[in-house]
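J.: The sequence and its predicted three-dimensional model are supplied below.
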Amino acid sequence: MDNIVDSLNNAYQEFVAAAANVLETKESSAALKTAATDAALENLKKKWELFRVSCDQAEEFVESIKQRIGSECLVDEATGSMAGKSGQQSTGLPPISAVRLEQMSKAVRWLVIELQHGSGSTGGAAAHAHPSAPFDARFQEDGAQ
């Protein structure tokens, strides 16, 4: 995370410095278009693009952390490991095993991928579930699917 923050900070500082250089160059040329102002503007454009890339990378990192935290909370809630901790209230749902939760999560992920690629169809999507995420007939909720 420190690398991402440092990268974002460096890209921002370089962008600000390039913007200041454009202003200084324009002022020294009496606001006329010169080769120096064109070069300064081109440098500003490059620094802007680098800053945007750094922002995108930081955003991707934040999203991945949010997903990881959400997944960890989901596992804690589903397995009942959060019950009684720091005043958390139970949802009233019976806990399930982490293995079972992972199986269900994989099945949902494969269905989403199939739907995104257009291979899913109404009523037939469950039949195309990826074999690495089979439904376990021992669980009642799977029998209805």
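T.: Looks like it arrived, so ask away. Numbering: from 1, shown residues only.

J.: and the next element down the chain from the helix or strand hosting Ala17?
T.: Per DSSP states H and E, Ala17 falls inside helix 2-28. Note on helix 2-28: by DSSP H and E, the next helix or strand toward the C-terminus is helix 35-79.

J.: quick one: least confident helix or strand in the protein?
T.: helix 140-143 (a mean of 48; mean pLDDT, DSSP states H and E).

J.: can you pull the buried residues of the helix holding Ala17?
T.: By neighbour count on 16 or more other CB atoms under 10 Å, the buried set for helix 2-28 is 8, 11, 14-15, 18, 21-22, 25-26. Every residue, glycine included, has its C-beta placed from N, CA and C.

J.: do the same with stretch 36-48
T.: Neighbour-count burial for stretch 36-48 flags 37, 40-41, 43-44, 47 (criterion: 16+ other CB under 10 Å).

J.: Same list, the residues you listed, but as JSON lines with distance to Val108 and pLDDT please.
T.: Below are these laid out as JSON lines (distance: CB to CB, whole Å; pLDDT from 0 to 100):
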{"residue": "Thr37", "distance to Val108": "55", "pLDDT": "94"}
{"residue": "Ala40", "distance to Val108": "52", "pLDDT": "96"}
{"residue": "Leu41", "distance to Val108": "49", "pLDDT": "96"}
{"residue": "Asn43", "distance to Val108": "47", "pLDDT": "97"}
{"residue": "Leu44", "distance to Val108": "45", "pLDDT": "97"}
{"residue": "Lys47", "distance to Val108": "42", "pLDDT": "97"}
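
J.: Noted, bye for now.
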